[in-house]
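I'll drop the sequence and a predicted model, then ask my questions.
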Amino acid sequence: MAAGREQQQQQAHRPGIYKQKNKQHKHGKHRTKGEIERENKGRVAVVTLSKKQRRELRKMDRRHKANQLRRNKKDLVLTEKRRLGSRDGPPHLVAVISLHAGVDAGAVTQIMRGEGIGGVLHEDQGVRGAQDSFGLVLPRFKQRFTFYRPDTADLHSLLDVAKVADTLVFVLESTEGWDSYGEYCLSCLFAQGLPSHALVCQGIADLSVKKRTESRRALSRLAEARFPEARLFPLDSEQDAVLLLRHLGAQKQRRLAFRSRRSHMLIQNASYTPNNSQDGTGGPATGLGTLHVSGYVRGCPLQVNRLVHIPGHGDFQLSQIDAPTDPLPIITAAPHPTKPAKGGDVEMDGSAGEMNGAGEVRVLMKADPSQRESLQAEAEIDPMEGEQTWPTESELQEAEEARKNRKVVKVPKGTSDYQATWIVDDAEENGDDDEEDDVDSSDDDDDDDAEELMEDGENESQDGEAGCDSGDDDDDDEEEEEISSTDRVAAEQKYDEAMDEVEEEDGLKRYREARSHEMFPDEVDTPIDVPARTRFQRYRGLKSFRSSPWDPMENLPLNYSRIFQFQNFERTRRRILAEAAAEVEGAMVGWYVTLHIEDVPSSVMESFHAGKPLLLVSLLPHEQKMSVMHVLVRRHPSFTEPTASKEELIFQCGFRRFRASALFSQHTSGDKHKMERFLRVDAPMVVSVYAPITFPTAGVLLFKQRANGMQDLVATGSLLSCDPRRVVLKRIVLSGHPFKINRRSAVVRYMFFNRDDILWFKPVELRTKWGRRGHIKEALGTHGHMKCVFDSQLRSQDTVLMNLYKRVYPRWTYDPYVPPALPWVKKEEPENLHDIDME
């Protein structure tokens, strides 16, 4: 019994059916770290082996590294600042600009010439031929300046000088500061990129002590609107001039990217040699020659194999760079003889570029024909490279049926089959001509649908004017009795003489078009006499403007074969700018050099003799080639006239100035962008043009020329990109009226006027102004009525719409020649412009 009891005690407990079973931890069906380590058993991934081991720095090391980078950047900025105007850098170029018609900028430059300043004046070392330009060396400050006073009335000259000037000195009026034209010039300068500047005022010293303080305080408050951090300098004596020069030499220089990345210079001396006399062949004059220009290199080193651009004249090639004697040296002590450079290297210091013993100018470098960049701006067009397709089976069957069903035509005896195909019946010929006329009329200037929107309104307005004229003839006697004052009649006639009737009619037409587009955006009336499928054959419908596909290489125009395209524009831009920043060869910054420019027209020399400033900028690779450039702009508040798309405008893009037709589109992030018919006020717009490639960043100004030759500032912005693949879609909206409504279905009319058009546009989705969506179900009758189904019931006052799209391209109207602008005068706006009747 005892043994049986021991066996029962040794038996283990067996769990029953009610034993608790805990759930396993759900770790996301992935292996744990331990399982992964056991499986790998010490193996290392390939990525870890190929990855470069980074050494982690300690906290103090990271702090020392940040301080070192900060110190290097600070030293670089100080070096550039100290180089400007010193022995090793170019002279400090100062442009004196008057912002008011009542001030004289010549008085400022006259004070700078005074003997009390303690400088060495070089009257002949400014810009030769300019009305007021001179060089000034200050041995006490160890700096040298070049002063230049441009013609403020010539806006192009003013902007060109501001592109290369190191400092702008603005001369203000003691009470008003600047007038309307000064405000206009400041708007252009700020949009282009304003370098370092200083504000100067004259006439305050002549006031009493009490009024002198009040005048300076009032003028400072006025200048804060445009220059919040600028300091106002009085300039009535030579002591004031010394303080101004000290400030100009020590102030912080503002960096403008579009000029600091390119070598540029202000040409001080120029000579011209025609080609025929240079060759000695005695042939006929070609109108071209070699231009020899001299100046100080600025920005970055100048390469002889790069192309150069002269604003307003074009792109050219260099053949040689010489190093004459520096005409504006800083001499503080007796000159010491310099040791010759080792290895024939060129050394340029304060007395660099000395003449050789034979009296010849030292030649720095000559162009290599194998490495020199080409002047080719457009790609060569090969008509055989167009898209070619093999006919499909259906097209072959249609051709076979057409051959079987061909008509029998009586022809003269002895006519071959080939000749017979060119003989057409009179009735068939007339029919073909009518069809061609219809297609041509629909295709001709199809991009200007904004003008077609207002044809009916123009006809009605003309009819109304004719009726008014007939009524005026009947009421002549009554008007003569009412007008009794001769003074009033003379005043009205004088006012009418100053008005341009043609310009007034054009302005009214543009204003009505803009108002019509604002009230009924993109709406187009379906023609009655032309089938809609013919009139709008280039348009298509989109299920979604955002997500529906559109091939950017489909049906490209012929002009696209003349332009260049980058595989990746942003990557190319970064690479070229990095290479330009790392260049250490060529004519260095601060050297006084003479450039030999080949095949230059004589008009360049004529412009220089006329006293206009002549600039020269070295182009980066590919910047002479044509492509599709996109510019992001915003309309200037001072310009209130409507500006239509594809209207010719004047562009100031970086150093370039040209005329082109602008195509406006919305600035969105999608792959398709909607075209805008007019330049909007409330949003930034993208302007697309055919123009030479320019790498961002660069300021852009858009001008519009009046009929009298003046140029108004339309918009300002910056360069966006170069992308011919950017898709710009033009939208038109066809509208219809619900004739009968039955819950979700409705009968719509007035959108189309024949049955075939309804069947053609049946797949396109419909929408209404109240947010309903639907589609065409079937056509009713033969007069354009159609049954449509919508997602909910329509209202009787709703309008049915259909959106159609087509891709549009800019017009090739690029013209590098821009006529000179006349002195600008503010245009007076009509008082009640918004009260003009749309009828």
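That came through fine. Treat the numbers as computed from the prediction; the structure is a model and nothing was measured. Numbering: from 1, shown residues only.

Buried ones in the helix or strand Q68 falls within, by neighbour count?
For Q68, the enclosing helix or strand under DSSP states H and E is helix 59-83. Buried residues in helix 59-83, counted by 16 or more other CB atoms under 10 Å: K81. Yep, even glycine has a C-beta here, placed from its N, CA and C like the rest.

Other residues contacting that helix?
When contacts are defined by CB atoms under 8 Å, 6 or more residues apart in numbering, helix 59-83 is touched by residues L57, G89, K252, Q253, V589, G590.

Quick test: name the residue nearest the centre of the protein.
V631 (3.6 Å; CA atoms, centre = their mean).

Check the contact between it and L719; I expect there is one.
Yes - counting by CB atoms under 8 Å, L719 is a contact partner of V631 at 5.8 Å.

Identify the contacts common to those two.
In contact with both V631 and L719: C653, V700, using CB under 8 Å, 6+ apart.

re earlier: so which helix or strand takes in the residue nearest to the centre of the chain?
Assessed by DSSP H and E, V631 sits inside strand 626-635.

Run the chain-centre distance for that strand.
Here strand 626-635 is found 4 Å from its chain centre; the criterion is CA atoms, centre = their mean, to the nearest Å.

Skip ahead from that strand and say which helix or strand is next.
Downstream of strand 626-635 (by DSSP H and E), the next one is strand 648-653.

how far off strand 626-635 does that following strand point, in degrees?
Angle, strand 648-653 to strand 626-635, by axes from the mean of the first three to the mean of the last three CA atoms, to 10 degrees: 100 degrees.

And the average pLDDT for the helix or strand following strand 648-653 is what?
Moving toward the C-terminus from strand 648-653, the next helix or strand (DSSP H and E) is strand 656-661. Confidence for strand 656-661, expressed as mean pLDDT, is 94.

Return strand 656-661 as CSV; C-alpha atoms alone will do.
The C-alpha atoms that make up strand 656-661 are tabulated as CSV, following Å, rounded to 0.1, in the frame of the first residue of the first chain:
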residue,chain,number,x,y,z
ARG,A,656,21.1,90.8,-72.8
ARG,A,657,18.5,93.1,-74.3
PHE,A,658,16.2,91.9,-77.0
ARG,A,659,12.6,92.0,-78.4
ALA,A,660,10.4,88.9,-78.5
SER,A,661,6.7,87.8,-78.3
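
Can you spell out which helices and strands pack onto that strand?
Secondary-structure packing of strand 656-661 (3 or more CB pairs under 8 Å, 6 or more residues apart in numbering; DSSP states H and E): strand 648-653, strand 685-692.

which intervals of this structure have sub-threshold pLDDT?
Applying pLDDT under 70 to the chain flags the ranges 1-11, 27-29, 44-55, 277-285, 332-360, 384-389, 406-501, 503-505, 507-518, 828-839.

show me where the stretch 251-400 of the chain has strands.
264-266, 269-274, 288-296, 307-310, 314-323, 362-366 (DSSP state E, counting those that start in this stretch).

Tell me the gap between the shortest one and the middle of its chain.
It stands for strand 264-266. For strand 264-266, the separation from the chain centroid amounts to 23 Å (computed by CA atoms, centre = their mean).

who are the neighbours of that strand, in terms of helices and strands?
Identification of packing neighbours for strand 264-266 by 3+ CB pairs under 8 Å, 6+ apart yields helix 155-164, strand 288-296, strand 615-618.

Tell me which of the ones you listed sits most buried.
A comparison of the helices and strands packed on strand 264-266 by mean neighbour count, using mean count of other CB atoms under 10 Å, puts strand 615-618 on top with a mean of 24.

Return the alpha-carbon coordinates of that one using PDB.
Presented in PDB, the C-alpha positions along strand 615-618 are these (Å, rounded to 0.1, in the frame of the first residue of the first chain):
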ATOM      1  CA  LEU A 615      30.000  97.000 -72.100                       C
ATOM      2  CA  LEU A 616      31.600  93.600 -72.700                       C
ATOM      3  CA  VAL A 617      30.700  90.400 -70.900                       C
ATOM      4  CA  SER A 618      32.200  86.900 -71.400                       C
END
